[in-house]
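Enquirer: Sequence unavailable; structure follows:
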């Protein structure tokens with residue numbers, strides 16, 4: 001059965017993360033049968049990481065604030081999580097299903113496909129977002 005997405009509900013969740021007036025910093029998009037729907041949402045990145053368990057596949061749209069004391073910038077990441085316990089067929093479908101998510105989640109600095117908890121490290125993600133952002137004026141220590 002072909003995967004579908006609840007575009008309106010997912011767009012609402014996506015816009016919550018993008019809206020500076022809300023505290024929501026992340027949202028997940030999960031499978032409900034063969035339909036991708038909004039999952040959890042929250043403020044704390046550690047809570048998002050706990051949603052990424054070995055038995056699930058999900059998509060996360062996450063807001064990060066990067067920069068230094070002189071300049072703060074908001075960057076967004078699209079994270080595709082595929083747990084180690086997910087079957088081969090579901091792993092393969094996740095790649096094609098991501099195109100449905102990208103119809104809703106259109107603005108992000110970098111996308112990640114992750115199945116190892118170490119790669120969910122907040123500093124790792126922020127550094128990758130910084131690299132994707134081009135010029136880096138952070139205190140010029142490097």
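Expert: Ah, there it is. Note that this is a predicted model, so its numbers are computed, not measured.
Enquirer: quick one, strands of the protein?
Expert: With DSSP state E, the ranges of strands along the chain come out as 4-5, 26-32, 35-42, 57-67, 72-82, 110-114.
Enquirer: Out of those, which gets nearest to residue 48?
Expert: The closest approach between residue 48 and any of these, judged by C-beta to C-beta, belongs to strand 26-32 at 4.5 Å. In short, each C-beta sits where N, CA and C put it, glycine included.
Enquirer: Pull out the buried positions in that closest one.
Expert: For strand 26-32, a neighbour-count test (16 or more other C-beta atoms under 10 Å) marks 26, 27, 28, 29, 30, 31 as buried.
Enquirer: Closest to residue 72 out of those residues?
Expert: Closest to residue 72, out of all of the buried residues of strand 26-32 and judged by C-beta to C-beta, is residue 26, at 18.0 Å.
Enquirer: mind checking how far the closest one is from residue 96?
Expert: 24 Å (C-beta to C-beta, to the nearest Å).
Enquirer: How many neighbouring residues does residue 127 have?
Expert: 12 (other C-beta atoms under 10 Å).
Enquirer: what do you get for residue 50?
Expert: Close neighbours of residue 50, defined as other C-beta under 10 Å, add up to 12.
Enquirer: Over to residue 112?
Expert: Per other C-beta under 10 Å, the neighbour tally for residue 112 reads 18.
Enquirer: Spatially, what comes nearest to it if we skip its sequence neighbours?
Expert: Ranked by C-beta to C-beta, 6 or more residues apart in numbering and with sequence neighbours excluded, the top spatial neighbour of residue 112 is residue 79, at 4.8 Å.
Enquirer: looking at the sheet around that neighbour, what are its partners?
Expert: residue 60, residue 112 (DSSP bridges).
Enquirer: That one touches residue 64, doesn't it?
Expert: No. Counting by C-beta atoms under 8 Å, residue 79 does not reach residue 64; the two are 10.9 Å apart.
Enquirer: Who has more neighbours out of these two?
Expert: Between residue 79 and residue 64, residue 79 has the larger neighbour count (other C-beta under 10 Å), namely 23 against 19.
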